[in-house]
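Asker: What shape does this take:
(one chain, ligands or ions: 1)
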Amino acid sequence: MDIRNVVIMGSGCAGHTAALYTARANLKPLVLEGHEPGGQLSLTTLVENFPGFPEGIQGPELIANMRRQAERFGAEYKLAHVTAADLSKRPFTITFGKETIQTHTLIIASGASARWLGLPNEQALIGHGVSSCATCDGFFFSGKEISVIGGGDSAMEEALFLTRFATKVALIHRRDDFRASKIMLDRARQHDKIQFITNTVVEDVYDHSRKEVTGLRLRNLKTGEISDFPTSAMFLGIGHIPNAKVFAGQLDADQDGYLKTTNYVCPYIFGRESNVVYNLTSEWICH
Ligand code: NDP
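Answerer: Numbers count the residues shown, from 1 in each chain. Sure, this is the predicted structure:
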């Protein structure tokens, strides 16, 4: 079997960055794009906090530019979702579907996927009013009232974006403190279409039998009061789950499932020792 120098798992910002640098080192990296090619940037709209774009840039455009840049130096891309990895011996073996590949170096840049609430009727209503992607699905709820769940930047961003379509956006959060950055929180608070509902959790989403969202059952955590809240859609902005399950038992992870990094910074992956490398956003760390 052909043994690759470098396989990169994931095609978000970190994956493309790894591809660019390893391609420029003539390592002919192979990027396995995963089940969400382009990662979360490909699902977002205007990115205002990436250096180099004073007016901001659309997420899909930014990610397409990164890919083109890496391809220019010889990075290869393959639509493949990694289903297993054997890191017990070198070279490492990576499996995707019925195919396997071996590699001296594996760069894990697989990011995370949207988290769901785990409500009884939530999964059945995905695609029928329950969504984790405002930019993908917001348009379908033009002229309607929409709910967004969460208190971080994602929830603020989704709520603000959805005001383009909705007549009203209810932002429902389980506390009255917010993780969101002040600038995002202020923007949402100042928007006259956004109503804040705090100290409140969603207990279920209706109406499975009609195959559409008609309302939420809410519980106020301070008063214990349970109420029905009419809405046409529920968008989740409650964070993400790391895509690192295939490494369970092989690499150390924290309680949320994010891979733990070590303090040993890889002198260079190029050429010699085989390594697993991750945490590309800050520095390249070897295992
Ligand atoms: P965060 O982890 O920051 O926020 C998740 C939110 O969801 C929290 O308010 C949390 O509540 C709530 N939550 C989590 N689980 C549940 C649950 N089971 N039920 C109810 N509520 C729940 O995630 P984000 O995705 O918002 O942000 C991740 C990172 O990305 C952050 O660093 C953020 O700054 C960044 N980001 C930046 C953006 C920008 O600059 N434009 C846009 C989007 C994200 P609680 O606070 O009570 O735990």
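
Asker: May I have the lengthiest helix in the chain exported as PDB, CA atoms only?
Answerer: Scanning the chain for the helix with the most residues, using DSSP state H, yields helix 59-72. Taking C-alpha atoms only, helix 59-72 is exported to PDB below (Å, rounded to 0.1, in the frame of the first residue of the first chain):
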ATOM      1  CA  GLY A  59     -17.000  32.500   5.200                       C
ATOM      2  CA  PRO A  60     -17.400  30.300   2.100                       C
ATOM      3  CA  GLU A  61     -15.200  32.700   0.100                       C
ATOM      4  CA  LEU A  62     -12.500  32.700   2.800                       C
ATOM      5  CA  ILE A  63     -12.400  28.900   3.000                       C
ATOM      6  CA  ALA A  64     -12.400  28.500  -0.800                       C
ATOM      7  CA  ASN A  65      -9.400  30.900  -1.000                       C
ATOM      8  CA  MET A  66      -7.600  28.900   1.600                       C
ATOM      9  CA  ARG A  67      -8.100  25.700  -0.400                       C
ATOM     10  CA  ARG A  68      -7.000  27.200  -3.700                       C
ATOM     11  CA  GLN A  69      -3.900  28.500  -2.000                       C
ATOM     12  CA  ALA A  70      -3.000  25.000  -0.600                       C
ATOM     13  CA  GLU A  71      -3.800  23.300  -3.900                       C
ATOM     14  CA  ARG A  72      -1.500  25.700  -5.800                       C
END
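
Asker: what lines up beside the strand or helix carrying residue 107 in the sheet?
Answerer: In this assignment (DSSP states H and E), residue 107 forms part of strand 99-108. When pairing is defined by DSSP bridges, strand 99-108 lines up against strand 3-9 (parallel), strand 92-96 (antiparallel), strand 276-278 (parallel).

Asker: For whichever helix or strand comes after it, name the packing helices and strands.
Answerer: Using DSSP H and E, the next helix or strand after strand 99-108 towards the C-terminus is strand 112-114. Secondary-structure packing of strand 112-114 (3 or more C-beta pairs under 8 Å, 6 or more residues apart in numbering; DSSP states H and E): strand 240-242. In this view, the C-beta of every residue, glycine as well, is placed from N, C-alpha and C.

Asker: Residues touching the strand it packs on, excluding its own?
Answerer: Outside of strand 240-242, the residues within contact range by C-beta atoms under 8 Å, 6 or more residues apart in numbering are 40, 110, 111, 112, 113, 114, 115, 253, 256, 257, 258, 259.

Asker: which one of those is nearest residue 168?
Answerer: residue 114 (23.4 Å; C-beta to C-beta).

Asker: At the contact with the ligand, which residues of the stretch 151-287 of the chain appear?
Answerer: Contacts of the stretch 151-287 of the chain with the ligand, taken as C-beta under 6 Å from any ligand atom, map to 151-155, 157, 174-175, 179, 181, 237-240.
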